[in-house]
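Visitor: below are the sequence and a predicted model; questions follow.
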Amino acid sequence: MNTSDSITVFWYFKNGNVWNANSNIEWVKYRDIEMQIIEEAYQQGKPEVLLD
């Protein structure tokens, strides 16, 4: 793949208590290595990935 043709993908998660309507929920970007692991698993069609 030519690097000029590559697409940068960002993965985010919600922090806070999603079950509490009064909770301050914020979208937070995963760290670079975590995004790489998530994207590789997604491209391979894996339904889950373990981040530690």
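Guide: Received it, and whenever you're ready, just let me know what you need. Numbering: from 1, shown residues only.

Visitor: quick one, what contacts V28?
Guide: Contacts here follow Cβ atoms under 8 Å, 6 or more residues apart in numbering; on that basis V28 touches 12-15. Every C-beta, even on glycine, is put in place using the N, C-alpha and C of the backbone.

Visitor: wait, a strand at it?
Guide: Yes - counting by DSSP: H, G, I helix; E, B strand; the rest coil, V28 is located in a strand.

Visitor: what residue is smack in the middle of this protein?
Guide: Nearest to the mean C-alpha position of the chain, by Cα atoms, centre = their mean, lies W11 at 2.6 Å.

Visitor: got the contact list for that residue?
Guide: Residues counted as contacts of W11 (Cβ under 8 Å, 6+ apart) are 29-30, 34-35, 38-39.

Visitor: how near is it to I37?
Guide: Applying Cβ to Cβ, to the nearest Å, the value for W11 to I37 is 9 Å.

Visitor: any common contacting residues for the two?
Guide: Between them, W11 and I37 share no contacting residue, judged by Cβ under 8 Å, 6+ apart.

Visitor: who's in contact with the residue nearest to V18 when sequence neighbours are not counted?
Guide: With Cβ to Cβ, 6 or more residues apart in numbering as the criterion, V18 has its nearest non-adjacent residue at 6.5 Å, and that residue is I25. The neighbours of I25, taking Cβ under 8 Å, 6+ apart as the test, are 14-18.

Visitor: reformat the residues you listed as a markdown table; add distance to S6, secondary structure and pLDDT.
Guide: Formatted as a markdown table, the contacts of I25 follow (distance: Cβ to Cβ, whole Å; DSSP: H, G, I helix; E, B strand; the rest coil; pLDDT from 0 to 100):
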| residue | distance to S6 | secondary structure | pLDDT |
| --- | --- | --- | --- |
| K14 | 27 | strand | 88 |
| N15 | 29 | strand | 83 |
| G16 | 33 | coil | 76 |
| N17 | 37 | coil | 76 |
| V18 | 33 | coil | 70 |
